[in-house]
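Enquirer: using only what follows, build the 3D model:
(one chain, ligands or ions: 1)
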Amino acid sequence: MNINQEFRNARLVQAVVDKIRQTATRPWVIMEICGGQTHAFMQTGLDQLLPASIELVHGPGCPVCVTSLELIDKALAIAMRPDVIFTSFGDMLRVPGSRDDLFSIRARGGDIRVVYSPLDSVRIARENPEKQVVFFAIGFETTAPANAAALLQAKALGLKNYSQLVSIVRVPPAMHAILGSPGNRVQGFLAAGHVCSVMGTREYPPIAARYHVPIVVTGFEPLDLAQGLLMCVQQLEAGLAEVQNAYTRVVQEEGNPAALKMLARVYREVDRNWRGIGTIPLSGWGLTPEFAGFDAENRFDLKEIQTRESEICIAGQILRGLKKPHQCPAFGNPCSPENPLGAPMVSSEGACAAHYRYGREIEKK
Ligand code: SF4
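Expert: Next up is the predicted model:
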């Protein structure tokens, strides 16, 4: 399969967009749940080809954006310790906590290292037995298997100096929270194809039925996105609320059985606080008793954390699809990727960063 020829083919994409235009007889509000899809829409300009009747709103599928302020402040407290090597994906280093970020802790001498895989943090722990090595294990269902694999490896190696600060969040409970909120505007969803490649699609039919919304599992190439939108609009116009899979080359209904088996061993469902949104019941994964010894929240004394959220940032409303980034009074000035006031301006998957980077709606300021 040649991705460039098939899924990035401008003529094929335009043909699907034309079908969307012919199909949509009235305005529809559709949420792409995943920040990767938000960026793909804007990077390719597909959002600007769509008819005005289709309004895309951006979902909370950006792990950096929704990691709670309390957990970021805990990360900062751990990273400050002289006996710790703190490891994280690069995006997290610039996310503002209540008073600091990981970059400024590193500038003050903290040993904070960017890793590209959770397994790198296990290697660092093996190489530095005199230090406590902590990995900031954020993410959705997509990244959870790699985090879990690192824990299994650390356990197999008998590492006593390794732990994870865990903030795994899950998509279906967030969809419940969005659809059940009083100001909800979302009428249809593009579900995240990579999440479904792990988890499958079986969690979605009850959501579609309960809230009467179509849910289309969608990939990340322009043709994937256009096709997912078309299927969603066709359902909306027909009054249907079904789960469809527009990413069959990757996603199976049953998901990835090997990954699911590993996840079931390492994680258990817990309530999770989403930054800007609040606590969503059973919306995250914490460690099972077998792995509780690797939980950084158990290993370090973190009881004195007092959080203080920015008074300007409206990230919570953006992450629920209630507002767009340009409606934030701080968008562009003073909040920018160089001076982020909130996580959605930092992350490579953040909606504010996407609007800023691709120049959407700056002119509306
Ligand atoms: S523009 Fe900045 S301050 Fe406004 S919502 Fe986005 S991240 Fe928060």
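
Enquirer: now the element after the helix or strand where Ile318 lies, going C-ward?
Expert: Per DSSP states H and E: Ile318 is located in helix 315-319. Note on helix 315-319: by DSSP H and E, the next helix or strand toward the C-terminus is helix 351-357.

Enquirer: how about the contacts made by Glu242?
Expert: Contact analysis of Glu242 by CB atoms under 8 Å, 6 or more residues apart in numbering lists Pro205, Ala208, Pro214, Ile215, Gln235. To be clear about C-beta, it is placed using only N, CA and C from the backbone, and glycine gets the same treatment.

Enquirer: can you rerun that using 10 Å?
Expert: Tyr204, Pro205, Ala208, Ala209, Val213, Pro214, Ile215, Val216, Met231, Gln235 (CB atoms under 10 Å, 6 or more residues apart in numbering).

Enquirer: give me the number of residues near the residue in the stretch 51-200 of the chain positioned nearest to the ligand?
Expert: Nearest residue of the stretch 51-200 of the chain to the ligand: Cys65, at 8.3 Å (CB to the nearest ligand atom). Residues lying near Cys65 (other CB atoms under 10 Å) number 30.

Enquirer: wouldn't it be in contact with Pro325 here?
Expert: No. At 11.6 Å, Cys65 does not count as touching Pro325 under the criterion of CB atoms under 10 Å.

Enquirer: overlap in contacts, the two.
Expert: Joint contacts of Cys65 and Pro325 (CB under 10 Å, 6+ apart) are His58, Ala315, Ile318, Gly342, Pro344, Met345, Gly350, Ala351, Cys352, Ala353.

Enquirer: show the end-to-end separation of stretch 43-56, please.
Expert: 15 Å (CA to CA, to the nearest Å).

Enquirer: which residues of this protein lie near the ligand?
Expert: 312-315, 318, 325, 328, 330-331, 335, 341-342, 344-345, 352 (CB under 6 Å from any ligand atom).

Enquirer: for the stretch 1-150 of the chain, which segments count as strands?
Expert: All strands of the stretch 1-150 of the chain, identified by DSSP state E, counting those that start in this stretch, fall at 28-34, 54-61, 84-88, 111-114, 132-139.

Enquirer: work out which residue lies at the spatial centre of the chain.
Expert: Cys62 (2.6 Å; CA atoms, centre = their mean).
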